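[1] Got a sequence here, can you model it:
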Amino acid sequence: MIDAVTFLKQNLADHFVIYFIPLYILGGRPVALLSAQFLGYKITFLLPVIVLLDTIQIPFFYHLYGAISKSALMRRLKNRAGKKEKRFLKSRVLRWTQLMGMPGVVAVTMTPMKGCGMWSGVLLSNLMKLSKSKSYPLLILGSVLGCLFLYGIGEAALQVISLF
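    Below you'll find the model as predicted:
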């Protein structure tokens, strides 16, 4: 991934947006934010752009989850899973997410790991049956906090690199 960032910087140095968006799509928030930060872009530019890209995803994910949950395949799987539902309702993961509640949506959304982010935050808010008017601000807050967290990690890395 570092080679790709270096190649893109050398060939598209004047057109950062052209390679920032593909980096965001392929690598997610951590790759796009940290690579842009290492190339010298500041938080005043990065934060609004990344939060906007994260926010654009929310309606798409809601539509995707709605379409999947209403499909014929899901209805068949749901009928078969009736027995497993009791075990799922007793699972630790479901209990943990229910205990976390709305802050859990923010925590999952801001976490810079694979399997977390907007996709999982929307799924969690959908599973918790939060209304869109409640989940949108939580998801956006998670995006902002995640960006600030990653930016702090990037700044720390740049400070360590500058020491050597």
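
[2] What's the local residue count around the residue nearest to residue 109 when sequence neighbours are not counted?
    Once its chain neighbours are removed from consideration, residue 109 has its nearest residue in residue 142; the separation is 2.7 Å (C-beta to C-beta, 6 or more residues apart in numbering). Glycine gets a C-beta too; all of them are placed from N, C-alpha and C. Neighbour count for residue 142, taken as other C-beta atoms under 10 Å: 25.

[3] same check, this time on the one 5 residues further on
    Look at residue 147: counted by other C-beta under 10 Å, it has 24 neighbours.

[4] before we move on, the earlier item: tell me who's in contact with the residue nearest to residue 109.
    105, 106, 107, 108, 109, 110, 121 (C-beta atoms under 8 Å, 6 or more residues apart in numbering).

[5] Phi and psi next, for it.
    Its backbone dihedrals place residue 142 at phi -60, psi -40, with angles given as degrees, to the nearest 10.

[6] give me the element residue 28 is part of.
    Mapping residue 28 onto the secondary structure by DSSP states H and E places it in helix 16-38.
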